[in-house]
Structures are given as structure tokens and as C-alpha cells.
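**Student:** got a sequence here, can you build the structure:
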Amino acid sequence: MKELPRRLFHICWGLIIPAAGLLAPYDIFFITLVIITAIAIIIDLLRLKSEKLNTLFIRAVGPLLRPAEVRRFNGSTYLLIASTIVFFLFGKFIAATALIFLAIGDPFAGMVGTKWGRIKIKQKSLEGSTAFLITAFAASTLISSITHIPLLFIAVGALCAAIVELLSLSINDNLTIPLISGGVIWGLAYLFPC
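**Tutor:** Down below sits the predicted model:
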């Protein structure tokens, strides 16, 4: 139950960015995203340099933080950095899809892995990563008609995102999942244009 507020926040915040990217005028959206990302980076840098600011920050958003995020960038900052990069590099359709993988798949992987995870790989479970794959693919197929990304590309991207989540790379997965899965979809679209 302790992780529930964080997971709900992850889903909501994680879906707001791709939704805004798809619905708002791109120029206005991207400039706003860059500004918000810069502000988040500055806040994290300032609070990590000042114990007093960090204490205030923890009081304000403590239930949404993991213990490790008290002394390093928080997951939302990594999400904003990844969002800025994927929208810049891959365009709004691929970026939105890669971010939806993260927004939906990661919380479900955590919930399923915590409750039913038996087959452990590093700190993750095969059951949780399977839940990631299924939910990420299902959510992304709902917007495939908007993005015009072929379902095969979405399936491969979701699989790559689930593998990245399972591998627990040393870099925050809010950064790695969208970058790698978005890069894979972009590569497929480049190699096999529709």
C-alpha cells in the first residue's frame, strides 16, 4: 500500500505528458516541456546542495519519493528529461508511445511483481515484467490509430521496454525505458517505412 500513491502519480503524470504532446500545438508544448524540465533540474540541483531545501522538498512530496531519491534526482525529473529528449529526437507519435510504455507498464510491473513475483531476475520478477509488457502493449495499441505506428513496431517497442525494466540498469528506468523503446521504434520506422 505504501507504493500506491507513487504508482498512481506515476500513471497520471506519465500520461499527461504524452497526451499534451499529442493534443497541444507542438511548438507550444515542446517549449513548455523544456521550461518545466529545466525548472525540475534546477530544483533537484538546489535541494541536493542544501539540506534545508531538501528537507522542505521531502516534506512536500515525501510519499511520492523512494528512499534513494532523497539524495539524488527524483523519478519525475528523469521522466521530464526523457520526455524532452524523445519528443526532440523521435517526434510526437513515437515519443508518446514510448512514454505510455513507461507510464502504464512500470506501475503494473511493480504491483504484479510485488504481489505475485516468484521468478526473480536481479531485483525484478519475470511476472512483473510480463505484466509490464502486456499492459504497455495494450495501452499503446489503443492509440495506434492516432499515432499510425504499426502494431508490430509497438509490440517490439513494448518488448524492449519490458526488457529494460527487467534488467534494472543502473540508470533510472524513467530515463532508459522511453529512450531505448523510442529509439527501437524510430529505428524500425526508419528501416521499414510505411
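
**Student:** can you give me the strands in this structure?
**Tutor:** 120-121, 124-125 (DSSP state E).

**Student:** would TSV of those with distance to Ile16 be doable?
**Tutor:** For the C-beta atoms, the positions are set from N, CA and C on the backbone; glycine is no exception. Putting the strands of the chain into TSV (distance: least, C-beta to C-beta, whole Å) gives the following:
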stretch	distance to Ile16
strand 120-121	31
strand 124-125	26
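
**Student:** how about these, which one is nearest Lys52?
**Tutor:** Proximity to Lys52 (C-beta to C-beta) singles out strand 124-125 among the strands of the chain, at 35.7 Å.

**Student:** between the strands of the chain, which one is closest to Ile100.
**Tutor:** strand 124-125 (20.1 Å).

**Student:** outside of the closest one, which residues touch it?
**Tutor:** For strand 124-125, contacts defined as C-beta atoms under 8 Å, 6 or more residues apart in numbering pick out Ala109, Val112, Gly113, Trp116, Gly117, Arg118, Ile119, Glu165, Leu166, Leu167, Ser168.

**Student:** now for His10: which residues touch it?
**Tutor:** Going by C-beta under 8 Å, 6+ apart, the list of residues near His10 reads Gly75, Ala103, Asp106, Pro107.

**Student:** do the same with Val184
**Tutor:** Here Val184 is in contact with Val156, Gly157, Cys160 (C-beta under 8 Å, 6+ apart).
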